[in-house]
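>>> Sharing a sequence plus its predicted fold:
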Amino acid sequence: MRGKRRTVASVLAETLSGRRGADAAAVAAALAEACGPRMAREVSCRGVLRDGRLLVLVSEQAWADQLRALEREVCARVNARLGRDAARGLELRVGAARG
């Protein structure tokens, strides 16, 4: 394979962005890509709140603290991937089941 390697999350975000009925999956994939592979295993995007913030479940407080510190950068990456203002911030919840 030549050129830049792409993650599954980046391919999903690109493929699903703009498709009818796939918005939640596109946002979740874009968040996973924006977080990077290690952090993505510890977080789960559960949707977009009415105010435009992403509802994100985080496995542990330490990961929540790190994600909070990176909030602006992560939201900017999500928005850039989707080509629109999809993430206006993050609402983090710690310790919920990932399922």
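Happy to help now that I have it.
>>> can we go C-alpha only for contacts and neighbour counts from here?
Noted.
>>> all strands of the chain, in order?
In the chain, the strands defined using DSSP state E lie at 43-48, 53-58, 89-94.
>>> residues in contact with the residue nearest in space to the middle of the chain?
With distances taken as CA atoms, centre = their mean, the residue of the chain nearest its centroid is Leu31 (1.3 Å). Neighbour list for Leu31: 40, 45, 74-75, 77-78 [criterion: CA atoms under 8 Å, 6 or more residues apart in numbering].
>>> one step back: need the strands of the chain in a markdown table with distance to Ala64 and mean pLDDT, can you?
Output for the strands of the chain, formatted as a markdown table (distance: least, CA to CA, whole Å; pLDDT from 0 to 100):
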| stretch | distance to Ala64 | mean pLDDT |
| --- | --- | --- |
| strand 43-48 | 9 | 92 |
| strand 53-58 | 6 | 96 |
| strand 89-94 | 7 | 97 |
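>>> rewinding a little: by neighbour count, which of the contacts of Leu31 wins?
The most neighbours of any of the contacts of Leu31, using other CA atoms under 10 Å, belong to Val78, which has 27 neighbours.
>>> Could you give the number of residues near Ala62?
Per other CA under 10 Å, the neighbour tally for Ala62 reads 11.
>>> let me fix that: Leu70
Using other CA under 10 Å, Leu70 is surrounded by 12 other residues.
>>> Against Gly89, how distant is it?
From Leu70 over to Gly89 the distance is 11 Å, taken as CA to CA, to the nearest Å.
>>> Same question for Ala40.
Ala40 is 17 Å from Gly89, by CA to CA.
>>> Repeat that for Ala32.
From Ala32 to Gly89 the distance is 15 Å (CA to CA).
>>> Check Arg46 too.
Taking CA to CA as the measure, Arg46 falls 14 Å from Gly89.
>>> residues shared between the contacts of the two?
Leu54.
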